[in-house]
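A.B. asks: here's a sequence, model it:
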Amino acid sequence: MLGPTNTGKTHLAIERMCGHSSGMMGFPLRLLAREVYDRVRAIKGDRQVALITGEERIEPPEARYFLCTAEAMPRTAGEVAFVGLDEAQLGADPERGHIFTDRLLHARGREETMILGSATLEPMVRALIPRAEITSRPRFSTLSHAGVCKLSRLPRRSAVVAFSVEQVYAMAEALRRFRGGAAVVMGALSPETRNKQVAMFQAGEVDYIVATDAIGMGLNLDLDHVAFAALSKFDGRRKRRLTPSEMAQIAGRAGRHQRDGTFGTLSGMGKGDAEPLAFTDEEVYAIEEHKFAPLTHLFWRDADPRFDSLDALIADLEARPDKDVLKAAPEAIDMAVLRRLAADPIADTVKGAGAVRRFWEACSLPDFRSLGVEQHARFVARLWDDLQGGYIGADFVAARIAELDRMQGDIDTLQGRIAAIRSWAYICQRPDWVLARDEMAARARAVEAKLSDALHARLTERFVNRRTTLLMKSLGQDAGALPVTLEPDGHLTVEGESIGRLEGFRFHVDPAAGVADRRMLLAAGEKALPALLAERAEWLLTQGLGELSISGGAIRWQGRALAEITFPGQPGAGHFGSPRLALTRDLALLPESAKAKLETGLAAWLEKELEPLEPLRKLAEAARDPAAGSQARALVITLIEARGVISREDAGLENLPKEMRPYLRKLGVTFGALDIFDAPLLKPAPRRLLHALGLDPRPVQDAMLPVLAEGSWAKGRLPAGYRYAGSQAIRVDLAEKIFRAAFEARAAVVAAHPKERNAAFRLDLSLAVSVGLEAENARRLLGSAGFRCDRARALAEGAFGPPGPDRWFWHPRRAGEKDARRPQGRKASRQDRGAPRGKGFPEASQTRSRPPRDGKQRGPTSVQTPSRPPADTGPARAGGAFDKLADLLKG
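C.D. replies: Numbers count the residues shown, from 1 in each chain. Sure thing, here's the model as predicted:
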C-alpha cells in the first residue's frame, strides 16, 4: 500500500496483522516499533506480543506477533502468517537503504505481505515484485502552504524543523522566551527521551516542538503547522537542499486524520545562506498535490555473504546487484570498520567461518556515539579481543555499565552517556556475547531509562518555561476560569507553577521571572486576585484577627499595611477618640463589597485595640466640656498633646485656678513635684500603643521598667514617661512617690518644730533603692526637686560607732533665679522633661542658702554658679519649677 502521509497505512496494516493468527512488522525506528508494540499488546495481551530491536528484546515464549526494527527483523519467509514493512521507500537511503531493500525482497508472510511506503516507490515495487497488488489511499486532510512566519507569531501546535543541533537549541531557546518553551526531538536522543518529549507535546504541556528531520519518520503528532528553519542539510558527504519528497515527508506531519495542516518557513533564517529560505513554486505544488519524481533505484548489499574468509566476506559485500533498479550500497559504517580492521594485525586472529561470522557481527555494532570510523574501529577491536576467547565476563560488563550510571551533567554529557549505554545494551542483547546476558541486558536498560529521564529533565528545564506556557493558554480565558491556586504559604500557583506570592493583600511577581515574563505574570495574577483576595479578607475577619498588629500608624498584616490610622483635626481638640481608617493601595483589587466589609471589621478591631487609651479619651472629652473652664481645658489639651506626661515648667500652672485641680484629679491627672501626668498612661500597653500609632515619636520602653540603667537608651533619646536621675532614669510616677516621701519627712519635722526656719530633717532612701535607683542617683534626683543633702562627716581616725546620719534641707527655687547646678549656656531639652516635641525654654535661676556653722539661720544668700558643684548634692540633669509648691502640700 503506497501513498502520502496521513492516509492511515500503518493503522490498516496493524488491523490486518491482528486479523491473522501470527504476524511480524518492521519499522524504521525503535520508538515507532515500541509504539505499535504497545498498541498490539493492548489488543492481544502481553504473552502473545514480542518487541525485537537491536537494544531491547521482549520475547515471551508464546509470542505470535513480532514488532521489530528493520535491522532486527528476521529474513526468514513463511514462518508467520502476516508480514509488513513500514516506510519501505527508505530503500533509497544511502546509509540504511540496503536493509529495507533486502526486507522488501525477502520478507514474506504465509498468507499476506504488506509493503507500506511513499507513492514514489511504485516503479521499484513493479520492477522487483511484478505480481504485487498495488493500492493507494488518499490523504485524509489537506496540506497547504502558509508562507513565511515570524518565530514570535508562530501558531500553536506547530513544529519547527532544523537540521543541526545548534539550530535546534537556538530555536527551542527562542520559543522558550516567546511562547514558554518547546519539546525537542532529535535523532541523537535516546528513544525513551524522544518518547517523553513527544508525550509532553501531545499532552499539551507545550504547544511547540523543535525537531530535526527525524520528525518525519512515522511520528504521529497532533500538529497543525510545520515551519522549516532551514531547507538544506548535510547528508554526511555534502550540504544539499532537501528533495521535494523529503520536504513532503516532514511537512506531512501537519494535519492529522481529518484536520487540515499547513507548512511554511521562518523569516530571518536565510541570512548568510546562498539559497533564500523559501519554497519554490514547484516544491509547493509537489508538496500540496503529493506529486513527486518516482524512485529510479534502491540500494542493495548482499545480506547472505560467504564467511569462508575475510576476503570472501568483503568481496561479497562489495558485489554488484544483478537487477538494473538496484545499485550497490555506499560504504556504510559497518563495512568501513571491517575494511579498517581487515588491514590490521587483528585480522590474523580471525580464522574459520565461525570466527569470520562473529567478527562481522562485531563490526556491525552500530556507532551510537557517532565517533567516526577510526574511533569506532578501535572500540570494535577492543570488543573483539574479548569475544574471540568466548564470552565477555559479566563482571567486566557490569563495571562498564556502572561507570555510566551517573545522572549528573549537562545535556551533551548525558547524551554521550546514553549513546555509550546503548552500545552496551546492544552488546548484551547478542545471544552469545555476554555471560549472564539477561541480567546484564536488564541493567543496561535500567541505566538507559534513568539517563533518559535525566536528559528529559534537562531538556525540559532548559527549553520549557512551564509557567509561561500555562499562562499563554490561560490569558485569553475568563478570570474565573484561570486555574490559579493560593497555597497555604501565600504562593499563587497555576497548575503547580508559582507565579508570585501574596504578602498580606499585595501581589508580588515571582522574582525569578525574567523581564519579559513579569508583565504576563502580573496580568495573570490580577485576573484571579479579586476572588482570592475576597476569600482572604473573609478568612482574616473570621479567623485571622489575632495576626493583625499596629505599627507605624497603620494596621498591618504579614508585614504589609492594610489601613492607615488617622485622627482628624488636633487630637487635643476633642477628636482623639474617633480615629479614621484609610485603606492602602494593597487592597485596590479587592471587590468593593469585600472592601467595605473588611473596613468595618478593621474599625471594630481597632476600637477594641484602643481600649488602653481610654484615659486619653476621657481627657479629650474634658477638653470638649465647656463647664471645665478655659484654663483647665488648656491644661488638658497640653497634657493630651504631651501624650499623658509633661513637666510643670511646660504645663502653665500659673494660669490654672486652684479650685479646678480637684476636677482634674478626678480625671486621673496627678500634679507632681516636677511633672504633671496621667498615671494609667504610664503603663506598657498605652505607651506601646501611642508609639505604634505614631502619636508619640519618642522611644518607648516596652516593659516600662521602674528604673533604667545607664546606657540602656540612646544618647538624647530618653524613653517617654521617664526623667533623668543622675546616670540612671526613673519613671515619673515612681519619682513622684520618692518626692512625696521626702516632703512627708520634712513635713513631720516642720510640724514638730514650727518656729525653726528650714529645719534639717532625715530622709530614708530605702524606697528609692528598692525600685532600683543607686543611692547617689537618688540624691541627685531629690536635688532636682530642691532637696539638698548635707553628708555626715566620716568618723575620725580611731573612732568607733555608726556614722552620723545625713541631714537634708529643702531649698526651693524661686522665680527668676538661675539653676546654679546647670552649666551656663546649657538649656534643658524637652526630651529631658518628657515632652514629645522639641521646643525652647528660658533658663531658670536659683538661689540657695546653707546654714551657718553657728546654727543660726540667716536670709538667703545669692551665690554665683560654682565652678565645681559638690558631687553628692547636685541635682539631676532635669531642671524643676517650684513656684507655689506649698500648694502641693496643702492639696
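A.B. asks: now do the residue nearest to Ala760 when sequence neighbours are not counted, the pLDDT please.
C.D. replies: Excluding the flanking residues, the one nearest Ala760 by Cβ to Cβ, 6 or more residues apart in numbering is Arg807, at 4.1 Å. (C-beta placed from N, C-alpha, C; glycine too.) Arg807 carries a pLDDT score of 89 in this model.
A.B. asks: what count of nearby residues applies to Met124?
C.D. replies: Per other Cβ atoms under 10 Å, the neighbour tally for Met124 reads 24.
A.B. asks: in a helix, it, correct?
C.D. replies: Yes. Applying DSSP: H, G, I helix; E, B strand; the rest coil, one finds Met124 inside a helix.
A.B. asks: ranges for the strands of the stretch 151-300 of the chain?
C.D. replies: The residue ranges that make up the strands of the stretch 151-300 of the chain, judged by DSSP state E, counting those that start in this stretch, are 158-161, 183-185, 208-211, 225-228, 232-234, 239-241, 261-266, 298-300.
A.B. asks: and for the stretch 451-600 of the chain?
C.D. replies: Secondary structure of the stretch 451-600 of the chain (DSSP E, counting those that start in this stretch): strands at 484-486, 491-494, 497-503, 506-509, 549-551, 554-557, 560-566, 580-583.
A.B. asks: rewinding a little: nearest to Pro812, out of the strands of the stretch 151-300 of the chain?
C.D. replies: strand 208-211 (92.2 Å; Cβ to Cβ).
A.B. asks: assign a three-state SS to Ala50, would you?
C.D. replies: strand.
A.B. asks: for Gln249, find the nearest of the strands of the stretch 451-600 of the chain.
C.D. replies: For Gln249, the closest of the strands of the stretch 451-600 of the chain is strand 497-503, at 36.2 Å, according to Cβ to Cβ.
A.B. asks: C-alpha coordinates for the closest one, CSV please?
C.D. replies: This file holds the C-alpha atoms of strand 497-503, laid out as CSV (Å, rounded to 0.1, in the frame of the first residue of the first chain):
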residue,chain,number,x,y,z
GLU,A,497,3.8,26.5,38.9
SER,A,498,4.4,29.5,41.1
ILE,A,499,3.6,32.9,39.5
GLY,A,500,4.2,35.0,42.6
ARG,A,501,3.4,35.5,46.2
LEU,A,502,0.8,37.3,48.3
GLU,A,503,2.2,39.3,51.2
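A.B. asks: roughly how far out does it sit from the chain middle?
C.D. replies: On the basis of Cα atoms, centre = their mean, to the nearest Å, strand 497-503 is displaced by 8 Å from the centre of the chain it belongs to.
A.B. asks: same deal with stretch 239-251?
C.D. replies: The gap between where stretch 239-251 is centred and where its chain is centred comes out at 43 Å by Cα atoms, centre = their mean.
A.B. asks: what does stretch 161-179 give?
C.D. replies: When distances are taken as Cα atoms, centre = their mean, stretch 161-179 is centred 25 Å away from the chain's centroid.
A.B. asks: what's the answer for stretch 101-112, then?
C.D. replies: 58 Å.
A.B. asks: got it, and stretch 32-52?
C.D. replies: Using Cα atoms, centre = their mean, the distance from the centre of stretch 32-52 to the centre of the chain it belongs to is 42 Å.
A.B. asks: give the buried residues for it.
C.D. replies: Of the residues in stretch 32-52, those scored as buried under the neighbour-count criterion (16 or more other Cβ atoms under 10 Å) are 32-37, 39-41, 44, 49-52.
A.B. asks: those residues in strands, which ones?
C.D. replies: 49-52 (DSSP state E).
A.B. asks: adding distance to Thr69 and pLDDT as columns, could you present those residues in JSON lines?
C.D. replies: Output for these, formatted as JSON lines (distance: Cβ to Cβ, whole Å; pLDDT from 0 to 100):
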{"residue": "Val49", "distance to Thr69": "15", "pLDDT": "96"}
{"residue": "Ala50", "distance to Thr69": "13", "pLDDT": "95"}
{"residue": "Leu51", "distance to Thr69": "10", "pLDDT": "94"}
{"residue": "Ile52", "distance to Thr69": "8", "pLDDT": "92"}
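A.B. asks: for those, which one is nearest Ile209?
C.D. replies: Distances from Ile209 to those, taken as Cβ to Cβ, are shortest for Leu51 (25.2 Å).
A.B. asks: dump the residue contacts of the closest one.
C.D. replies: If you count contacts by Cβ atoms under 8 Å, 6 or more residues apart in numbering, Leu51 has them with 33-34, 37, 57-59, 67-68.
A.B. asks: looking at these, which is nearest Gly546?
C.D. replies: Checking these against Gly546 with Cβ to Cβ, the nearest one is Arg34 at 58.7 Å.
A.B. asks: and that closest one, how far from Val185?
C.D. replies: Here Arg34 is placed at a distance of 15 Å from Val185 (Cβ to Cβ, to the nearest Å).
A.B. asks: try Met407
C.D. replies: To Val185, Met407 is 21 Å away according to Cβ to Cβ.
A.B. asks: between the two, who's got more neighbours?
C.D. replies: Counting neighbours by other Cβ under 10 Å for Met407 and for Val185 shows that Val185 has the greater number, 25 against 14.
A.B. asks: beta partners for the residue nearest to that one when sequence neighbours are not counted?
C.D. replies: The shortest distance from Val185 to any non-neighbouring residue, by Cβ to Cβ, 6+ apart, is to Ala211 (3.9 Å). Here Ala211 sits in beta bridges with Val161, Val185, going by DSSP bridges.
A.B. asks: Ala211 contacts Gly187, doesn't it?
C.D. replies: No. When contacts are counted by Cβ atoms under 8 Å, Ala211 is not listed as touching Gly187 (9.3 Å).
A.B. asks: look at those two and report which has more neighbours.
C.D. replies: Neighbours were counted for Ala211 and for Gly187 using other Cβ under 10 Å; Ala211 has more, 31 against 14.
A.B. asks: need the contact list for that one.
C.D. replies: Each residue near Ala211 by Cβ under 8 Å, 6+ apart is listed here: 159-162, 168, 184-186.
A.B. asks: I'd like those as JSON lines, with pLDDT and distance to Arg237 appended.
C.D. replies: Compiled in JSON lines, the contacts of Ala211 are given as follows (pLDDT from 0 to 100; distance: Cβ to Cβ, whole Å):
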{"residue": "Ala159", "pLDDT": "92", "distance to Arg237": "27"}
{"residue": "Val160", "pLDDT": "93", "distance to Arg237": "26"}
{"residue": "Val161", "pLDDT": "92", "distance to Arg237": "21"}
{"residue": "Ala162", "pLDDT": "91", "distance to Arg237": "20"}
{"residue": "Val168", "pLDDT": "89", "distance to Arg237": "21"}
{"residue": "Val184", "pLDDT": "91", "distance to Arg237": "26"}
{"residue": "Val185", "pLDDT": "88", "distance to Arg237": "24"}
{"residue": "Met186", "pLDDT": "83", "distance to Arg237": "20"}
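A.B. asks: of all the residues you listed, which comes closest to Tyr724?
C.D. replies: After measuring those against Tyr724 - Cβ to Cβ - the closest member comes out as Val184, at 75.6 Å.
A.B. asks: return the residues in contact with that closest one.
C.D. replies: Residues in contact with Val184, defined by Cβ under 8 Å, 6+ apart, are 168-169, 172, 197, 209-211, 459, 463.
A.B. asks: one more: Ser364?
C.D. replies: Asp334.
A.B. asks: Lys608 - how many residues pack around it?
C.D. replies: Residue neighbour count, defined by other Cβ under 10 Å, stands at 8 for Lys608.
A.B. asks: packing partners for the strand or helix carrying it?
C.D. replies: Following DSSP states H and E, one finds Lys608 within helix 592-609. Under the contact criterion of 3 or more Cβ pairs under 8 Å, 6 or more residues apart in numbering; DSSP states H and E, helix 592-609 touches helix 515-542, strand 554-557, strand 560-566, strand 580-583.
A.B. asks: how about the helices in the stretch 251-400 of the chain?
C.D. replies: Here the stretch 251-400 of the chain has its helices, by DSSP state H, counting those that start in this stretch, at 281-289, 310-317, 333-342, 353-363, 373-387, 394-403.
A.B. asks: quick one: closest of these to Ala679.
C.D. replies: The nearest among these, by Cβ to Cβ, is helix 394-403 at 81.1 Å.
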